[in-house]
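[1] Got a predicted model here, sequence first, then my questions.
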Amino acid sequence: MPSAARPTPFARRLRLGALIDRWQARPADTARPIVLDARHIYILPSGGGLLFALALVVMLLGAINYDLGLGHALVFLLAALGLVGMVHTWRNLLGLRLTPGRAEPVFAGETARFPCLLENPDDTPRRAIEIGVAGEPESTPLDLEACSSTRALLAFTPQRRGYHTVDRLLVSTRYPLGLFTAWSTPRPQLTLLAYPAPEFHPLPASLQNGRGVWQGDAGQEDFAGLRLHRPNDSPRHIAWKAVARDIAQRPLLVKQFAGGTAGELVIDWAQSAVLAPAADTEHRLSILTGWVLAAERQNTAYALHLPGKDIPSGRGPVQRARCLEALALFPA
């Protein structure tokens, strides 16, 4: 059997930080910016630090056995160096200020990026800091100069549609010697809306010529010109005479009309049952999401009809956001 993947040091620090926070029953951080104070910064020896300590013990035993004065001096010097490094590692996070921001909605399975402003109020640079979202394998390394700030993008990948809460970050460092790991787990309580993962299919003919006739952008009475063929265009509108003049070189062209009343495209919940089982709600939502994106790409006015919710016809970013939000929050 294949062996399970070993957790990364970032994930191991997250687990330990979660246990400490649970023991302390730490509430969410509501203040902005979030300041990393001494109470919420934890520190432990790293793997290299444990090996360093073991080497010191062996050296001390040898110095005692052979009564080496210089050996004792070297052991105590290295031990003091390690303790000084521990203090500097802990102080590398002390007083750091974090201001997390809002991430734009993404589709399920895509990676969202939460902006986070980090500020160093001291006149001492902060080096080799890692910051990331709890449970995510990706972290962002950065350096902060004295009395400066920088912006980091924190990765988060929602696996399902709906609202998600990012309630824990992880900030850690091993600077300067790598013998100790200091970390903190601020809890900003960020929220993210994930749309259903789109599944792209051509718009069915019933959506084009069924409920609300869809005949183009400007009407259906007067001939207004030709345009390139789109996958969802009706064969009745193809300009066959124009194509026949040079069928080998000329692409398919479609007639455009102006005047009269242009119908609207209605994306209906019932239509998704053509491509997915009626009981598979998530699959049907993915199909509807693909149709909404297809209609938006074609700059077509469209409406969305769901059980218990109807969104009137419209187009543009606002209409797209309204429809995708309705699909994301549709009852399971």
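    Nice, thanks for sending it over.

[2] Relative to residue 94, how far out is residue 297?
    As judged by C-beta to C-beta, to the nearest Å, residue 297 and residue 94 stand 51 Å apart. For every residue, glycine as well, the C-beta is placed using N, CA and C.

[3] Have a look at those two and say which one is more surrounded.
    Higher neighbour count among residue 297 and residue 94: residue 94, with 16 against 9, using other C-beta atoms under 10 Å.

[4] OK, contacts around that one?
    With contact set as C-beta atoms under 8 Å, 6 or more residues apart in numbering, residue 94 has these partners: 36, 37, 38, 41.

[5] Is it correct that it falls within a strand?
    No: assigned with DSSP: H, G, I helix; E, B strand; the rest coil, residue 94 falls outside any strand and is coil.

[6] For the contacts of residue 94, work out which two are farthest apart.
    36 and 38 (8.6 Å; C-beta to C-beta).

[7] between the two, which one's more packed in?
    residue 36 (20 against 10).

[8] sorry, back to before: just the contacts of residue 94: which are in helices?
    In helices, defined here by DSSP state H, there are no members of the contacts of residue 94.

[9] Pipe those into a markdown table and attach pLDDT per row.
    Conversion of these to a markdown table gives the following (pLDDT from 0 to 100):
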| residue | pLDDT |
| --- | --- |
| 36 | 94 |
| 37 | 92 |
| 38 | 91 |
| 41 | 93 |
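
[10] and which of the residues you listed is nearest residue 156?
    Closest to residue 156, out of all of these and judged by C-beta to C-beta, is residue 36, at 20.5 Å.

[11] The closest one contacts residue 98, doesn't it?
    Yes: counting by C-beta atoms under 8 Å, residue 98 is a contact partner of residue 36 at 7.3 Å.

[12] and for those two, which residues touch both?
    Counting by C-beta under 8 Å, 6+ apart, the common neighbours of residue 36 and residue 98 are 171, 186.

[13] where exactly do the strands run in the stretch 201-332 of the chain?
    For the stretch 201-332 of the chain, the strands defined by DSSP state E, counting those that start in this stretch occupy 222-228, 253-258, 265-268, 302-306, 309-314.

[14] These: lowest mean pLDDT?
    Among the strands of the stretch 201-332 of the chain, strand 222-228 carries the lowest mean pLDDT, at a mean of 58.

[15] what residues are up against residue 86?
    Taking C-beta under 8 Å, 6+ apart, one finds 43, 179, 180 in contact with residue 86.

[16] Quick check: the first one is in a helix.
    No: counting by three-state DSSP, residue 43 is located in no helix; its state is strand.

[17] Contact partners for it?
    86, 89, 90, 180, 181, 182, 183 are the contacts of residue 43 under C-beta under 8 Å, 6+ apart.

[18] right, and the helix or strand after the host helix or strand of the second one?
    Residue 89 is located in helix 69-91, with elements delineated by DSSP states H and E. Toward the C-terminus, helix 69-91 is succeeded by strand 97-100 as the next helix or strand (DSSP H and E).

[19] Now do the same contact list for residue 52.
    Taking C-beta under 8 Å, 6+ apart, one finds 78, 82, 179 in contact with residue 52.

[20] For it, report the pLDDT, please.
    For residue 52, pLDDT reads 96.

[21] how close does it get to residue 70?
    Residue 52 is 19 Å from residue 70, by C-beta to C-beta.
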